[in-house]
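K.L.:
When you get a sec, could you give me coordinates for this:
(2 chains)
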Amino acid sequence: MTSATAVLEREVPAARTRPTPAPIPMTRIVGVELRKMLDTRSGFWLMMSVGIIAVLATAATLVFAPRDELSYGSFAGAIGVPMTIILPMIAVLAVTSEWSQRTGLTTFTLVPHRGRVIAAKVGATLLVGVVSIAIAFAVGAVGNVAGSAIADVPTTWDISLGNAATIFLGDALGMLMGFTLGVLIRNSPGAIVGYFVYALVLPIALEPLAAYQHWFRDHRGWLDFNFASTTLYDGGLSGTEWAQIAVSGLFWLVLPLAIGLRLVLRSEVK
Amino acid sequence: MITVESLTRRYAGFTAVDNVSFTALPGRVTGFLGPNGAGKSTTMRVMVGLTVPTSGTATINGERFADLPNPGLEVGVLLDASAQHAGRTGREILTIAQRTMGLPSARVDQMLHRVSLTGSEADRRVRNYSLGMRQRLGIATALIGDPDVLILDEPANGLDPAGIRWMRDLLREYADQGGTVLLSSHLLHEIEVIADDLVVIGNGRIVAQGTKAELLAAAGTVARTPNPLVLVTALERTGMTVSLSPDGAIRTDADPAHVGQAALAAGIALTELRSADSAGLEEMFLELTAESQREGAAA
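P.N.:
Sure, this is the predicted structure:
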């Protein structure tokens, strides 16, 4: 009985009163999310791979590309293709690791507004995208200058500023697609496989359909978002092509993203 | 202060938390007891906004968790020490919390020191942590914002005896300074030693709540005497329920004073007389949660 009576007699101190803390600013959440993309070995090397692949692709272009075809476009193309895979992976993992690694338990209790966390993740992902693409363009430019000097051909700058902008838009849409799969599937391997199906398997699978079904071939731009958005990498889009990206993007990107966000906001975090 | 009112959470086919109401008060350690799957963790997840309740509310210091501007500074939460990115170092995990809350970076080292994680341990990746080290890291994350409410789900899991003692002293000190501590456990001894108040849950429903003193007083008295049968008869004559264990211990609902009086009146010597606290809590727990026990244990 001694311990029990001791409890009864112990004086209960009053709860501490303290000023209400200031709300967490959005910039801070973006900063933390950015840090979380880099602070694991896998995250760090995924980011590093952007630079590494840019250098490797540039070197490969220098070695293997025919001398008379050396141009900025050939370097940018060589770097750009692997980039369209890596950047969406970064976007996927930024979301899914909260569930796959169960860090969401901490993240969503420190910031109990999942919408803010997700918005911060989009912001951090796009920041990474901007920096990555800038690095890619810079490495490609160095390769182009070096390549033309070695091959003793005039340096060709055949990517306009407008085309550079549409290339960035194409990569940003790819990242948003990865992000969408992330919020929909909320599991790292699942969402990564999902992205590969979308980016690599589906285009091949739709080829025969386009070959044999004239109706599909004629309307593919309106239906196939991946197909429609590849025009962004070539630049010089027509009004129809822009409209096709918008319409197919509505079904492939906006709608699934809306469903995924709703799931993320409502679902239980365990 | 934590206030839970008529909280219900239904899943397809079953009700995990069924009309649960209780209050965890400042300056006290509230033990949240229940068998596995009783609804403890679900209730705690609802408190911190990770699970949406079907009906009812949970508030911290009068506010919904989601309305707290910077929750880490007001509520320290540890729901699952293993829910950390295996590839981050302990120090990095604390740094993320410190940055999110906007605290000075010196807090990270202070907290590492507070939970006795060494510098080299802090720089290891969590993948290589023992469960006990993860619990310490989780406690550090919960405490870093110097909150006045703590919500801890099974914090003693995986700690060695010295670690359990450390945790107990830490929580005691915390409550003595005016903090509100809610901790769940199925380790009865742990709860019994540390908790001031108890909330017992079984099958999603609250089966008992009150101060530990109240709840255990109801659990009765244990007495021993060289003539147990005489004492049993004497107590039964006063209308008390008495049981005699094979080892000669007498267990009764009566309080120790009553048993002493009965022994004196019967003219027999007592060799032991105590309130049945330790066994009492286990007894009470099994009895109260009998319906929800997987083993169907009878009390």
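
K.L.:
so who does residue 72 touch?
P.N.:
No chain in the question, so chain A it is. A:Gly140, A:Ala141, A:Asn144, A:Thr155, A:Thr156, A:Trp157, A:Asp158, A:Ile159 (CB atoms under 8 Å, 6 or more residues apart in numbering or on different chains). Every residue, glycine included, has its C-beta placed from N, CA and C.

K.L.:
my bad, chain B
P.N.:
Going by CB under 8 Å, 6+ apart, the list of residues near B:Gly72 reads A:Thr109, A:Leu110, B:Ala97, B:Thr100, B:Met101, B:Ile144, B:Gly145, B:Pro147.

K.L.:
Tell me how far the fifth one lies from chain A.
P.N.:
Relative to chain A, B:Met101 is positioned 7 Å away (CB to the nearest CB, to the nearest Å).

K.L.:
What's the mean pLDDT across stretch A:61-78?
P.N.:
When pLDDT is averaged over stretch A:61-78, the result is 86.

K.L.:
now the helices for the chain?
P.N.:
This is for chain A. Here chain A has its helices, by DSSP state H, at A:2-9, A:26-38, A:41-64, A:72-100, A:104-110, A:114-151, A:161-185, A:188-196, A:202-212, A:214-223, A:225-229, A:231-234, A:239-249, A:255-266.

K.L.:
Hmm, no, I was thinking of chain B.
P.N.:
Along chain B, the stretches classed as helices by DSSP H are B:40-47, B:90-101, B:106-114, B:119-122, B:131-143, B:161-176, B:188-194, B:212-217, B:228-237, B:256-266, B:277-288.

K.L.:
quick revisit: quick one, which of the helices of chain A is nearest to B:Ser130?
P.N.:
Nearest to B:Ser130 among these is helix A:104-110 (19.3 Å), distances taken as CB to CB.

K.L.:
Run the contact check for that closest one versus chain B.
P.N.:
Yes - using CB under 8 Å from any CB of the partner chain, helix A:104-110 reaches chain B at A:Gly104, A:Leu105, A:Thr106, A:Phe108, A:Thr109, A:Leu110.

K.L.:
Out of these, the closest to B:Gly119 would be?
P.N.:
A:Thr106 (22.3 Å).

K.L.:
Pretty sure the closest one sits against B:Thr141.
P.N.:
Yes - assessed by CB atoms under 8 Å, A:Thr106 is found in contact with B:Thr141 at 6.6 Å.

K.L.:
low pLDDT regions in chain B?
P.N.:
B:217-219, B:277-280, B:291-299 (pLDDT under 70).

K.L.:
now the farthest one out in it, which residue is it?
P.N.:
B:Gly267 (41.8 Å; CA atoms, centre = their mean).

K.L.:
Get me the contact residues on the stretch 51-200 of chain A for chain B.
P.N.:
A:97, A:101-106, A:108-113.

K.L.:
among those, which two are most distant?
P.N.:
A:Gln101 and A:His113 (20.6 Å).

K.L.:
Comparing the two, which shows the higher neighbour count?
P.N.:
A:Gln101 (19 against 16; other CB atoms under 10 Å in any protein chain shown).

K.L.:
what about the residue nearest to that one when sequence neighbours are not counted, how many residues close to it?
P.N.:
Among residues not flanking A:Gln101 along the chain, B:His85 sits closest, at 4.3 Å (CB to CB, 6 or more residues apart in numbering or on different chains). Other residues within reach of B:His85 by the criterion other CB under 10 Å amount to 24.

K.L.:
do the same with B:Val222
P.N.:
21.

K.L.:
For the chain, which residue occupies the most central location?
P.N.:
Defaulting to chain A. Mean-position check on chain A, CA atoms, centre = their mean. Result A:Met175 at 2.6 Å.

K.L.:
Actually, chain B is the one I wanted.
P.N.:
B:Gly31 (2.9 Å).

K.L.:
dump the residue contacts of the residue lying closest to that residue once chain neighbours are set aside.
P.N.:
What sits nearest to B:Gly31 in space, not counting adjacent residues and going by CB to CB, 6+ apart, is B:Ala195, at 3.2 Å. Applying CB under 8 Å, 6+ apart to B:Ala195 gives the contacts B:Val29, B:Thr30, B:Gly31, B:Leu183, B:Lys212.

K.L.:
Just flag the most distant two among those residues.
P.N.:
Largest pairwise distance in the contacts of B:Ala195, by CB to CB, is 13.2 Å, between B:Leu183 and B:Lys212.

K.L.:
Correct me if wrong: A:Ser49 contacts A:Leu87.
P.N.:
No - applying CB under 8 Å, one finds A:Ser49 not in contact with A:Leu87, separated by 10.6 Å.

K.L.:
Compare these two and say which is more crowded by neighbours.
P.N.:
When neighbours are counted by other CB under 10 Å, A:Leu87 comes out ahead of the other of A:Ser49 and A:Leu87, with 24 against 17.

K.L.:
That one contacts A:Gly178, correct?
P.N.:
Yes - counting by CB under 8 Å, A:Leu87 does reach A:Gly178; the two are 7.5 Å apart.

K.L.:
Might you report the residue contacts of the residue nearest to the centre of chain B?
P.N.:
Taking CB under 8 Å, 6+ apart as the test, what B:Gly31 contacts is B:Leu183, B:Ser184, B:Ser185, B:Ile191, B:Ile194, B:Ala195, B:Asp197, B:Leu198, B:Val199, B:Lys212.
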